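*Asks:* The following block contains a protein sequence and its predicted model.
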Amino acid sequence: MNMEEGVKVGNNNTGVLNLDHRRSQLDLARMIIMHGYPLGMVEDIGFKIFVRNLQPLFDLVTSSGVEDDCIEIYNKERQKVYEELDKLPGKVSLSADRWSTNGGTEYLCLIAHYINDSCELKKKILNFLVIDPDQAEETLSELIMTSLRKWDIDRKLFSLTIDNRATYEKTVCRIRDQLCQHRFLMCEGQLFDVRCAASTVKLLVQDVLETSREITNKVQETIRYVKGSQATQEKFNEIVQLVGINCQKSLSVDNPFQWNSTCMMLEAALEYKEAFPQLQEHDPGFSMCPSDIDWDRLRAITSIFKFFHEVSNVFAGRKHITSNSYFNEICDIHLQLIGWCQKSDDFISSLALKLKIVLWWFLHVFHFHL
């Protein structure tokens, strides 16, 4: 929704400024929605003083009042989207993205993709559905179908792009079967199930993380030990200077929820790899230093992470991504895997072979031939 719609700037030279209380209240609600501010900010003392000095005539609102305004704005915008989809002569494609919070709550975000009357590719978020990771396929499919019926687009649906999780296979089949029963799908649903390329890259990265966990854990424990006490940190800094390492990167443990942070952690550790054996010689308590073979494998793993990170940036950098726009990246992944399979290190070659199986599955679904 365009939060800047209807925003007018008053003319300071008019002499008299008429205050529209209702408009100002809705503008406040729009601001909170746009920036994700907490609803309780309207009851903060500092905010009240600011508003009172800025416009004494403005009636201050409560958090429950601004919540009602946010809901009113949402309902109006929702109705606009509903009417646009209702008048749409063509088909609608649906994508279902899985979202997770740090607190463990999981959502399924349903997004409609369609071409409007001006031949512009549009997308609108329809729902955030709270889901249980252990939820049965039948329950999840019915949850999605209920949302489609509320938006009245089940009869207009062309395809569904969903997370490449094996647990969603039956969910997609159930939705497809229900739609086929009413003859809503083209080609008897053969074009309905579309796999997500970005999710496939995530699956590849997850396999790399899982396979290399033992080695990356050594790096994590090494960094924790170095950063565990000021004395150890100071000793390590002395060794870094003696060895002649000139690096501005700081050592830090990765975030398990962000795999690109694992890449950054390994990159920094590789810069200091000559200092860790020296620390082990001077500190009997430090015993988890990676071996030379580990460092070679970590370097290879880091290059794999960097490659997938670049591919992910290509996907994320495009507002509307279709199969023709990411086909080159899929080809690059295929060629890289061939090269990694030919590595002399069995660890890297076996990892690459495992990744090729995942990629083959993705290509098989899309009927791509490389």
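*Replies:* Great, that's in hand. Numbering: from 1, shown residues only.

*Asks:* Helices of the stretch 151-300 of the chain, start to end?
*Replies:* 169-181, 197-211, 213-227, 230-243, 259-271, 275-282, 292-316 (DSSP state H, counting those that start in this stretch).

*Asks:* Relative to residue 61, which of the ones you listed is closest?
*Replies:* helix 292-316 (37.3 Å; C-beta to C-beta). Where you see a C-beta, it was placed from the backbone N, CA and C, and this is true even at glycine.

*Asks:* With just CA atoms, put stretch 151-159 into CSV.
*Replies:* Provided in CSV are the C-alpha atoms of stretch 151-159 (Å, rounded to 0.1, in the frame of the first residue of the first chain):
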residue,chain,number,x,y,z
TRP,A,151,-9.9,-13.2,-1.7
ASP,A,152,-12.0,-15.0,-4.3
ILE,A,153,-9.0,-15.9,-6.4
ASP,A,154,-9.2,-19.7,-6.2
ARG,A,155,-10.9,-19.7,-9.7
LYS,A,156,-8.2,-17.4,-11.1
LEU,A,157,-5.1,-19.2,-9.8
PHE,A,158,-2.5,-20.2,-12.3
SER,A,159,0.4,-21.4,-10.3
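
*Asks:* Residue 128 is nearest to which of the helices of the stretch 151-300 of the chain?
*Replies:* helix 169-181 (17.2 Å).

*Asks:* What lies in contact with the closest one?
*Replies:* 137-138, 140-141, 144-145, 154, 157, 160, 162, 185, 188-189, 192-193 (C-beta atoms under 8 Å, 6 or more residues apart in numbering).

*Asks:* sorry, back to before: of the helices of the stretch 151-300 of the chain, which is nearest residue 100?
*Replies:* Of all the helices of the stretch 151-300 of the chain, helix 197-211 comes closest under C-beta to C-beta, at 12.2 Å.

*Asks:* next one: the closest one to chain centre, how far?
*Replies:* 13 Å (C-alpha atoms, centre = their mean, to the nearest Å).

*Asks:* ok, now stretch 349-363?
*Replies:* When distances are taken as C-alpha atoms, centre = their mean, stretch 349-363 is centred 23 Å away from the chain's centroid.

*Asks:* what does it contact?
*Replies:* So stretch 349-363 is contacted by 164, 195, 197, 200, 203-204, 207-208, 211-212, 304, 330, 333-334, 337, 340-343, 369-370 (C-beta under 8 Å, 6+ apart).

*Asks:* before we move on, back to that, of the contacts of helix 169-181, buried ones?
*Replies:* Listed as buried from those are 137, 140-141, 144, 154, 157, 160, 162, 185, 189, 192-193; burial here means 16 or more other C-beta atoms under 10 Å.

*Asks:* So residue 257 sits against residue 103, correct?
*Replies:* No. Using C-beta atoms under 8 Å, residue 257 makes no contact with residue 103, being 11.7 Å away.

*Asks:* Please identify which of those two sits among more neighbours.
*Replies:* residue 257 (9 against 6; other C-beta atoms under 10 Å).

*Asks:* can you pull the contacts of the more buried one?
*Replies:* Residue 257 neighbours (C-beta under 8 Å, 6+ apart): 100, 102.

*Asks:* Can you check what pLDDT the model gives it?
*Replies:* Residue 257 carries a pLDDT value of 73.

*Asks:* got the phi/psi numbers for it?
*Replies:* phi -90, psi -10 (degrees, to the nearest 10).

*Asks:* From residue 151, how far out is it?
*Replies:* From residue 257 over to residue 151 the distance is 31 Å, taken as C-beta to C-beta, to the nearest Å.

*Asks:* Equivalent analysis for residue 297, please.
*Replies:* From residue 297 to residue 151 the distance is 49 Å (C-beta to C-beta).

*Asks:* Let's verify the residue positioned nearest the centre of the chain: helix, strand, or coil?
*Replies:* The residue lying closest to the centre of the chain (C-alpha atoms, centre = their mean) is residue 99, at 7.2 Å. Residue 99 falls in the strand class when you classify it by DSSP: H, G, I helix; E, B strand; the rest coil.

*Asks:* Can you name the residues that contact it?
*Replies:* Counting by C-beta under 8 Å, 6+ apart, residue 99 has contacts 106-109, 128.

*Asks:* switch the cut-off to 7 Å
*Replies:* 106-107, 109 (C-beta atoms under 7 Å, 6 or more residues apart in numbering).

*Asks:* Identify, from these, the entry nearest to residue 262.
*Replies:* residue 106 (21.7 Å).

*Asks:* Just give me the neighbour total for residue 156.
*Replies:* Other residues close to residue 156 by other C-beta under 10 Å number 20.

*Asks:* Residue 217 is in contact with residue 290, correct?
*Replies:* No. Counting by C-beta atoms under 7 Å, residue 290 does not reach residue 217; the two are 10.0 Å apart.

*Asks:* Comparing those two, which shows the higher neighbour count?
*Replies:* residue 290 (21 against 12).

*Asks:* Now that one. Its backbone dihedrals?
*Replies:* phi -60, psi 150.

*Asks:* ok, now how distant is the closest residue to it other than its chain neighbours from residue 300?
*Replies:* In space, and not counting its chain neighbours, residue 290 is closest to residue 218: 4.7 Å by C-beta to C-beta, 6 or more residues apart in numbering. Going from residue 218 to residue 300 by C-beta to C-beta gives 15 Å.

*Asks:* Great, nothing more from me.
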